[in-house]
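Participant: Provided below for reference: sequence and predicted model.
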Amino acid sequence: QVQLQESGPGLVKPSQTLSLTCTVSGGSITTGYFWTWIRQPPGKGLEWIGYIRYSGNIYYSPSLKSRTSISRDTSKNQFTLQLSSVTPEDTAVYYCTREVGGILDPWGQGTQVTVSS
């Protein structure tokens with residue numbers, strides 16, 4: 001059974017870089033699926049950030065592309081998110097998940113990231 005777990009700082013200062021890691025257990029990130037980052041700002045809907053494919057190809061949301069970097073460490077079975085030049089509008093619960101055929105499952109529990117000085 002595949003499980004995902006997000007980790008990273010819960011508080012980031014404006015203009016700094018947000019860094020999160022998703023650790024995957026029960027399956028390899030190199031043997032299929034799109035490994036995805038999604039966020040949900042307070043009071044708003046889900047926002048897709050981007051994914052890294054099992055092949056290593058990466059795709060970003062056009063609205064966040066200039067500030068986003070997704071990478072992976074296959075030796076640790078982890079993939080990471082970096083979002084630069086953050087503002088309070090980047091405050092959200094950040095999720096990692098797995099996508100196949102348009103279905104997102106499973107999800108990590110989510111991690112709250114607050115951007116504040």
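Facilitator: Looks like it arrived, so ask away. Numbering: from 1, shown residues only.
Participant: any idea how far the spatially most central residue of the chain is from Leu81?
Facilitator: Geometric centre of the chain, nearest residue: Trp37, 3.0 Å, by CA atoms, centre = their mean. Using CB to CB, to the nearest Å, Trp37 is found at 5 Å from Leu81. C-beta coordinates here come from the backbone N, C-alpha and C atoms, glycine included.
Participant: before we move on, the earlier item: what's the pLDDT at the residue nearest to the centre of the chain?
Facilitator: Among the per-residue scores, Trp37 shows a pLDDT of 98.
Participant: a strand runs through it, doesn't it?
Facilitator: Yes - applying DSSP: H, G, I helix; E, B strand; the rest coil, one finds Trp37 inside a strand.
Participant: and the residue of the chain most remote from its centre, what does it touch?
Facilitator: The outermost residue of the chain, judged against the average C-alpha position, is Ser117 (22.6 Å), by CA atoms, centre = their mean. Taking CB atoms under 8 Å, 6 or more residues apart in numbering as the criterion, Ser117 is in contact with 13-14.
Participant: what's the overlap in contacts for Trp37 and Leu81?
Facilitator: In contact with both Trp37 and Leu81: 20, 22, 49-50, 70, 94, 96, using CB under 8 Å, 6+ apart.
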